[in-house]
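>>> please find the sequence and the predicted model below.
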Amino acid sequence: MTLPSRSGIPSLLVALVATLPPGFVAERAIEDDDGDGYGNPTSLLRDCSFVTPAPTIAMGSSARLLASEEARAMALTWVREDTPVWDAAKQAIVGGGPPGALEIPKLGLGELAPGEWFRVEENGATLGYGWMDCTWGDAEITIAVDPSRRGEGIGEFIVLHLEREATARGVNYLYNAVRPGHPDGAKVTRWLLSLGFKPSGDGLLKKGLHA
């Protein structure tokens, strides 16, 4: 591949932006690293981070990010808890769901929480949790989102990252059991099916991680 000349730099930047997957946006303007008056294309990639997709509007054959403050992309951070404990945030988010939705561990504040725990943060505030327990090559998962922030794509963000965590551990399947007493069981089932999970003969919803 032959890179374009300096005069072709703007076209190269457009091409780079076009090839970025959905959910990646530039956080800062492209920097003039070497003082020659041209932005360095590598700065574009270096200054990008994963965020939830921002709303778009169609303009001809292209789509542009809405400029309003309300439509800004929401930057989320995925944090693995090295020594998970049952704390106030888990009590509020995991324990604050509708009765019967989740199997809540009977733990006191500060007690070690079994399994692997991950949390989603925005500007230091916890918005949700992902839980995973690997057994015999499969991983059971649970997703919990702050009730005040549901419907914003946070649950899908959690599932995506749990898939990555499980794949890195060589897991074959992710699975989730929608509890019979879940008040929104049918809705949750449809949501998981839309994310690639499939019903299995044992009453679970499973998703294979290897083609």
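That came through fine.
>>> so where's the longest helix in the chain?
helix 154-168 (DSSP state H).
>>> contacting residues around that helix?
With C-beta atoms under 8 Å, 6 or more residues apart in numbering as the test, helix 154-168 has contacts from 52, 76, 78, 80, 116, 118, 120, 127-130, 132, 134, 139, 141, 143, 145-146, 174, 191, 195, 207, 209. All C-beta atoms are positioned from the backbone trio N, CA, C, and that covers glycine.
>>> how long is stretch 181-199 end to end?
18 Å (C-alpha to C-alpha, to the nearest Å).
>>> quick one: buried residues of stretch 136-156?
Under the neighbour-count criterion of 16 or more other C-beta atoms under 10 Å, stretch 136-156 has 138-146, 149, 152-155 buried.
>>> in the protein, which spans are helices?
Using DSSP H, helices in the chain cover 9-19, 41-46, 88-93, 154-168, 185-194.
>>> picking up where we left off before, for ChimeraX, write a command that selects the buried ones of the contacts of helix 154-168.
In ChimeraX syntax, the buried subset of the contacts of helix 154-168 is picked out as below (16+ other C-beta under 10 Å):
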select :52,76,78,116,118,120,127,128,129,130,132,134,139,141,143,145,146,174,191,207,209
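>>> now, the contacts of helix 154-168 that are in strands?
78, 80, 116, 118, 120, 127-130, 132, 134, 139, 141, 143, 145, 174, 207 (DSSP state E).
>>> OK, contacts around the nearest residue to A92 once chain neighbours are set aside?
Spatial nearest neighbour of A92, excluding adjacent residues (C-beta to C-beta, 6 or more residues apart in numbering): D146 at 7.7 Å. Residues near D146 by C-beta under 8 Å, 6+ apart: A92, I93, T126, L127, G128, I154.
>>> any idea how far Q91 is from D146?
12 Å (C-beta to C-beta, to the nearest Å).
>>> ok, G97 next?
Counting by C-beta to C-beta, the gap from G97 to Q91 is 11 Å.
>>> compare these two (neighbour count), which wins?
The neighbour count for G97 versus Q91, taken as other C-beta atoms under 10 Å, is higher for G97 (17 against 14).
>>> ok, that one - contacts?
A144, P147.
>>> backbone phi and psi for it, please?
When read as degrees, to the nearest 10, the backbone of G97 gives phi -70, psi 170.
>>> just the pLDDT at it, thanks.
Note on G97: pLDDT of 79.
>>> before we move on, what about the one 5 residues further on?
According to the prediction, L102 has pLDDT 82.
>>> one more: V85?
Model confidence at V85, given as pLDDT, is 96.
>>> list the contacts of N123.
Neighbour list for N123: A75 [criterion: C-beta under 8 Å, 6+ apart].
>>> which ones are touching L102?
Counted by C-beta under 8 Å, 6+ apart, L102 has contacts V94, T142, A144, R179.
>>> E81: neighbour count?
By other C-beta under 10 Å, 14 other residues sit near E81.
>>> ugh, wrong one, V94
Going by other C-beta under 10 Å, the residues that sit close to V94 add up to 23.
>>> could you do G96 as well?
15.
>>> now it: how far from G185?
In terms of C-beta to C-beta, G96 sits 18 Å off from G185.
>>> got it, and M132?
In terms of C-beta to C-beta, M132 sits 21 Å off from G185.
>>> good, wrapping up.
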